[in-house]
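[1] sequence below, structure please.
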Amino acid sequence: MDVQQMMGKEDFLKLFIAQIQNQNPLEPMKNEDFSAQLAMFTQVEELENLNDSVDDMINFQASTISALAVGLIGKDVTYQGDGIQLQEGDSGADLTFELQDDAATVAITVTDEEGKAVRTWEVNNLEAGRQTVHWDGMNYEGEAADPGAYTYVVRAKNLDGDSVSASTYQKGEVTGISFDSGVTFLVVNGENVTLAEIVGIKEQEA
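    A predicted model of the protein is given here:
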């Protein structure tokens with residue numbers, strides 16, 4: 001990058017005036033050189049104005065995203081993930097996932113924080129798209145699982161026995177927002193979630 005590209009319009013103008021003032025009277029600046037300098041000044045000015053406009057747009061977008069994030073505090077959201085938060089007194093949890101294609105069999109496995117399987121069951125003949133199934137909160141022994149954090153895995157197959165891709169989602173209440181490197185995050189279930197990961201928003205039930 002040359003010096004002219006690094007200078008701002010005010011610095012460029014000062015240098016341009018100094019060149020005119022200190023030019024050799026016997027060899028004054030040629031018209032084409034004068035025009036070229038003016039053209040360069042115009043380019044520098046336009047570039048600075050463009051940078052200012054881009055900065056304004058970025059700041060406006062950031063403030064809009066922050067305002068949207070604040071408005072989500074206290075709401076329940078669905079976002080990409082495989083977590084389940086089982087609270088005391090809960091009668092299980094709804095598990096949401098999205099199938100890429102129709103599935104003949106869908107096996108859902110819930111595991112505890114140590115990675116131990118708590119419950120596995122199958123659902124048959126689910127269409128492609130977003131699906132929700134209910135885990136009754138029971139373990140293999142038919143007893144209520146302890147309150148805490150769980151994860152789940154979805155394994156789906158079509159009629160030919162081939163695997164069908166499944167994306168899992170989890171739910172939680174937005175309890176706050178945080179910022180990191182210019183990115184706005186929602187705080188859900190104690191973790192940072194970007195707005196792009198949110199696929200559903202719901203008012204909390206009274």
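
[2] helices of this structure, start to end?
    According to DSSP state H, the chain carries its helices in the segments 3-6, 9-21, 31-71.

[3] what about the nearest residue to residue 150 once chain neighbours are set aside, neighbour count?
    Nearest non-adjacent residue to residue 150, counting by C-beta to C-beta, 6 or more residues apart in numbering: residue 84, 4.1 Å away. Placement of C-beta: from N, CA and C, glycine included. Close neighbours of residue 84, defined as other C-beta atoms under 10 Å, add up to 26.

[4] kindly report the same for the one 4 residues further on.
    Neighbours of residue 88 under the rule other C-beta under 10 Å: 7.

[5] same question for residue 140.
    Neighbours of residue 140 (other C-beta under 10 Å): 10.

[6] could you do residue 118 as well?
    21.

[7] and if you look at residue 79?
    23.

[8] domains for the chain, by residue range?
    According to automatic domain parsing, the chain comprises the domains 3-71, 76-202.

[9] max-length strand in this protein?
    Determined from DSSP state E, the single longest strand within the chain is strand 166-180.

[10] which strands or helices does that strand pack on?
    Counting contacts by 3 or more C-beta pairs under 8 Å, 6 or more residues apart in numbering; DSSP states H and E, strand 166-180 packs against helix 31-71, strand 76-80, strand 83-86, strand 93-99, strand 148-157, strand 183-188.

[11] quick one: strands adjacent to the last one?
    Read that as strand 183-188. In the sheet, strand 183-188 lines up against strand 166-180 (antiparallel), strand 191-194 (antiparallel) (DSSP bridges).

[12] in PDB, list the C-alpha atoms belonging to it.
    Output of strand 183-188 as PDB, limited to C-alpha atoms (Å, rounded to 0.1, in the frame of the first residue of the first chain):
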ATOM      1  CA  VAL A 183     -21.000 -10.900  18.700                       C
ATOM      2  CA  THR A 184     -24.300 -10.900  20.700                       C
ATOM      3  CA  PHE A 185     -25.200 -14.100  22.500                       C
ATOM      4  CA  LEU A 186     -28.300 -15.300  24.400                       C
ATOM      5  CA  VAL A 187     -27.700 -17.000  27.700                       C
ATOM      6  CA  VAL A 188     -29.800 -20.200  27.700                       C
END
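
[13] that one vs strand 76-80, what angle?
    Per axes from the mean of the first three to the mean of the last three C-alpha atoms, to 10 degrees, the angle that strand 183-188 makes with strand 76-80 is 120 degrees.
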